[in-house]
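what follows is a predicted structure for the sequence shown.
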Amino acid sequence: MSNPLLEMTGLPPFSQIKPEHVEPAIDQLLAENRRHIVELLAANSHYSWDNLVAPIEAMEERLSRTWSPVSHMNSVVNSDALREAYNKCLPKLSEYGTEMGQNQALFRAYQQIADSEEYTQLDTARQKIIDNDLRDFHLSGIALNETDQARFKTLKQELSTLTSKFEENVLDATHGWEKYIDAETQLAGLPESAIALARQHAKQTGKSGWLFTLEFPSYYPIMTYADDATLREEMYTAYVTRASEHGPNAGKWDNARNMQEILKRRHEVAQLLGYKNYAERSLATKMASSPDAVLGFLHDLAERSVDMARREFSELQQFATDEFGVEQLNAWDIAYYSEKLRQRRYAITQEEVKPYFPEDRALEGLFIVIDKLYGMHVSERHDIDTWHKDVRFFEIVDNNNELRGQFYLDLYARNKKRGGAWMDECIVRRRLDGGVQTPVAYLTCNFSPPVGDSPALFTHDEVITLFHEFGHGLQHMLTQIDYAGVSGINGVEWDAVELPSQFMENWCWQPEALNLFARHYQTGEVMPEELFNRMNAAKNFQAGMQMVRQLEFALFDFRLHLEYSTEVETDIDQLLQDVREKVAVFFPPEYNSFPNSFTHIFSGGYAAGYYSYKWAEVLSSDAFSAFEESGIFDRDTGLRFLNSVLEQGGSREAMELFIEFRGREPDIDALLRHSGIAA
């Protein structure tokens, strides 16, 4: 049988890939890779980059390229058949990865290269790959005895299955609840765009009236604008009890046991490797030097922001009481009355700015910014096979007309698509005999789709998200490193990986940038200065509350992995409550099951690493301050950032690259200033 996954030479043929292709392709590649390793080790006694590392990198990259479209489709066009095929391969891939990491002959071969004269003559990027690989051998249990290695392999396989199940439960729980409304009175307060989207959803299911879901573009307007408190409570309850024992689908996709099993296995993995806990194990691949350094950083930020957050919440409660007679704010009231207060104070809403951010204008603005900063030009292609009709495809070329990267853009929320926004690798840059392999990215968001004859209109928050994910994409696509192991985002310390993404967000707040593209979709009118001034004045509205919310997530995640004990089962809810007592300004109802859908740490890459968002924000804020000093479109500063950070991938330490760009180590002052906390 012909198998498109095995016949790929360029971009994935998405329309041809079927669930029945997945397992045979992975089985064949794993068998070929195992055979190839044996042949490589047997063919030489003196190992080198060319006769060992380079062929292994090529072999691993082919496996990664084959798995990439499968993993991606499982996230964006999920189906029962694809899910089954995907899950059958997870333990096989996990077993193979651990097997490679525990191959003593392979480890000795790499060590031989590291100890050789040739190593000193390799460029920095190749030395870094070998150093990283030797580190990863140890993190795969190369030093363990045979019994412990077998246990390690089992644990990694089980973790792969458990984390996948966690994410599936959240996806199913999100799409397993909806609210049908046939009484227009319940829609009071909602903006017309939200009503039109709900009407369109209902029509697509063959109903009249309005249909709301737990997808963010549907959920958010209810929580922010709906005057009907009972409706807000119903939506809130369904959302915060996803994948838990509470709420309207209580127990149906409950992640409670999954969380315990994931934590238990992570802890055992860490201890097998000689770490006290998984938090220590996590830091082996990060900038932060120790758990104390992470906790000290988070507590320092908390001390600077908690008082401000408490004042903000007190003001909100007072406002709700004075203006609306609300004696006590409920969890489903906070966004609603915050929006009322924002409108009172700044006379601005997300809805008011949406007409100035139609999809094509927002994209045009993004592309203008990177052209001005880096001399990169983006153009769309329409002849590319994709996984859904709404997906678009673009190319990036530089001033020398050299193709630097390509990307798929999947912007809208829909059924069977994982929530959130992310960038992932489709193809990585590496040098081949015939030239350089062009890096390709997936850029995925969950924005409101077009409604009726109008284009998709983005909130300013959605524009920020678009710029954020594109920042990740730029690091992947603009890299000039020719070796897959450290090109793009590969090899970058995880707590520095958010630097390019958070850095890009800053241009969404600059009038000089917005004036280039923020134009009304009907009139073509530039966003009025008066409207921008109101939007900018509201930028740091409740900044303290936003800061402590992120610190709550980060401290909960880090302490969960730092304090785990085998002596007694972790009371996850109690730990979260303890964190909240130190940093939160509001305590949600007991049925709030936030951890059960915290995919970042239970099924994403952020376990004991959610602090990375704030850690990297120190870097990104300080990096942007260089543009505040020289001009936000200063080409020389842009090219320095391109050359020092975006093009270098993981070929050097993140701190070294930051210092090369900024001339010094990062300073927290810019973050505090940009967040409105320094004042």
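Yep, it's here.

got any ranges where the protein has weak pLDDT?
Flagging of the chain using pLDDT under 70 yields the residue ranges 679.

what domains does the record give for it?
4-101+103-139, 176-240, 256-348+542-610, 354-530 (automatic domain parsing).

so which of those comes closest to L162?
domain 256-348+542-610 (5.1 Å; CB to CB). The way it works is simple: take the backbone N, C-alpha and C, and place the C-beta from them, glycine included.

end to end, how far does that closest one reach?
20 Å (CA to CA, to the nearest Å).

just stretch 325-345 next, same as before
Stretch 325-345 end-to-end distance (CA to CA) = 18 Å.

follow-up on the earlier one: T147 is nearest to which of the domains of the chain?
Using CB to CB, the domains of the chain put domain 256-348+542-610 closest to T147, at 10.3 Å.

in JSON lines: the domains of the chain, plus distance to G650 and mean neighbour count.
Converted to JSON lines, those look like this (distance: least, CB to CB, whole Å; neighbours: other CB atoms under 10 Å):
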{"stretch": "domain 4-101+103-139", "distance to G650": "7", "mean neighbour count": "16"}
{"stretch": "domain 176-240", "distance to G650": "31", "mean neighbour count": "18"}
{"stretch": "domain 256-348+542-610", "distance to G650": "10", "mean neighbour count": "18"}
{"stretch": "domain 354-530", "distance to G650": "2", "mean neighbour count": "19"}
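
pipe these into CSV and attach distance to F633 per row.
Shown next, in CSV, are the domains of the chain (distance: least, CB to CB, whole Å):
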stretch, distance to F633
domain 4-101+103-139, 30
domain 176-240, 32
domain 256-348+542-610, 26
domain 354-530, 4
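
nearest to S644 among those domains would be which one?
Among the domains of the chain, domain 354-530 comes nearest to S644, with 11.2 Å by CB to CB.

measure that closest one end to end?
15 Å.

what sits against the nearest residue to A309 once chain neighbours are set aside?
Distances taken as CB to CB, 6 or more residues apart in numbering place G544 nearest to A309, at 3.5 Å, with adjacent residues excluded. Applying CB atoms under 8 Å, 6 or more residues apart in numbering, we find G544 in contact with S305, V306, D307, M308, A309, R310, R311, E312, I677.

where along the stretch 401-550 of the chain do the helices fall?
For the stretch 401-550 of the chain, applying DSSP state H, counting those that start in this stretch gives helices covering 460-477, 499-505, 511-514, 529-537, 543-562.

export the next helix or strand after the last one to PDB, keeping only CA atoms.
Going down the chain from helix 543-562, the next helix or strand is helix 572-583, by DSSP states H and E. Once non-C-alpha atoms are left out, helix 572-583 reads as follows in PDB (Å, rounded to 0.1, in the frame of the first residue of the first chain):
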ATOM      1  CA  ILE A 572      -3.500  19.200  44.600                       C
ATOM      2  CA  ASP A 573      -6.400  21.500  45.500                       C
ATOM      3  CA  GLN A 574      -5.000  22.200  49.000                       C
ATOM      4  CA  LEU A 575      -1.600  23.100  47.500                       C
ATOM      5  CA  LEU A 576      -3.300  25.500  45.100                       C
ATOM      6  CA  GLN A 577      -5.300  27.000  48.000                       C
ATOM      7  CA  ASP A 578      -2.000  27.500  49.900                       C
ATOM      8  CA  VAL A 579      -0.500  29.300  46.900                       C
ATOM      9  CA  ARG A 580      -3.600  31.500  46.600                       C
ATOM     10  CA  GLU A 581      -3.500  32.500  50.200                       C
ATOM     11  CA  LYS A 582      -0.100  34.000  49.500                       C
ATOM     12  CA  VAL A 583      -0.700  35.700  46.200                       C
END
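
D622 is nearest to which of the domains of the chain?
Nearest of the domains of the chain (CB to CB): domain 354-530, 9.7 Å.

if we can go back for a sec, between the contacts of G544, which is closest to L478?
Using CB to CB, the contacts of G544 come closest to L478 at I677, 32.0 Å.

test my guess that the closest one contacts A543.
Yes. With contact defined as CB atoms under 8 Å, I677 reaches A543; the gap is 6.3 Å.

mutual contacts of these two, please.
Common neighbours of I677 and A543 (CB under 8 Å, 6+ apart) are S305, M308.

okay, and which of the contacts of G544 map to helices?
S305, V306, D307, M308, A309, R310, R311, E312 (DSSP state H).

okay if I get those residues as TSV plus distance to H267?
Listed next are the ones in helices among the contacts of G544 as TSV, based on distance: CB to CB, whole Å:
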residue	distance to H267
S305	31
V306	30
D307	35
M308	36
A309	32
R310	34
R311	39
E312	37
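
out of the residues you listed, which is nearest to E425?
S305 (34.6 Å).

list the contacts of the closest one.
A543, G544, M547, V548, L551, S675, I677.

mind listing what the closest residue to it other than its chain neighbours touches?
Residue nearest to S305 in three dimensions, not counting chain neighbours: M547, with 4.3 Å by CB to CB, 6+ apart. Residues near M547 by CB under 8 Å, 6+ apart: L301, S305, M308, A309, S675, I677.

quick one: M547 from A250, how far?
33 Å (CB to CB, to the nearest Å).

which stretches in the chain count as strands?
178-181, 210-213, 377-381, 392-397, 403-412, 422-427, 430-432, 435-437, 440-447 (DSSP state E).

using CSV, lay out those together with distance to P91.
Shown next, in CSV, are these (distance: least, CB to CB, whole Å):
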stretch, distance to P91
strand 178-181, 34
strand 210-213, 33
strand 377-381, 37
strand 392-397, 33
strand 403-412, 28
strand 422-427, 21
strand 430-432, 28
strand 435-437, 29
strand 440-447, 24
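
quick one, which of those is nearest to L155?
Comparing the strands of the chain by CB to CB, strand 422-427 comes nearest, at 25.2 Å.

so who does H36 touch?
Residues near H36 by CB under 8 Å, 6+ apart: P55, M59.

mind redoing it with 7 Å?
Residues near H36 by CB atoms under 7 Å, 6 or more residues apart in numbering: M59.

can you tell me how far it is from I56?
8 Å.

ok, which of the domains of the chain comes nearest R652?
Closest among these, once you apply CB to CB, is domain 4-101+103-139, at 6.1 Å.

with adjacent residues omitted, what lies nearest to the most centrally placed residue in the chain?
The chain has W422 as the residue nearest its centroid, 4.4 Å off, counting by CA atoms, centre = their mean. Distances taken as CB to CB, 6+ apart put T444 closest to W422, at 5.4 Å, once the chain neighbours are dropped.

would you mind measuring from that neighbour to F14?
14 Å.

do the same with V269
35 Å.

next up, the contacts around the nearest residue to R640 once chain neighbours are set aside.
Once flanking residues are discounted, R640 sits nearest to F661: 5.7 Å by CB to CB, 6+ apart. F661 makes contacts with A623, R640, F641, S644, V645, as judged by CB under 7 Å, 6+ apart.

quick check: the first one touching F503?
Yes. At 5.4 Å, A623 and F503 qualify as touching, with contact defined as CB atoms under 7 Å.

please, where are all the helices along the stretch 551-679 of the chain?
572-583, 599-602, 612-630, 635-641, 654-662, 669-674.

which strands and helices sit next to the last one?
This means helix 669-674. If you count contacts as 3 or more CB pairs under 7 Å, 6 or more residues apart in numbering; DSSP states H and E, helix 669-674 packs onto helix 612-630.

isn't F14 up against T386?
Yes. Assessed by CB under 7 Å, F14 is found in contact with T386 at 5.7 Å.

what segments of the stretch 251-400 of the chain are helices?
256-272, 278-282, 291-324, 334-346, 350-353, 359-374.
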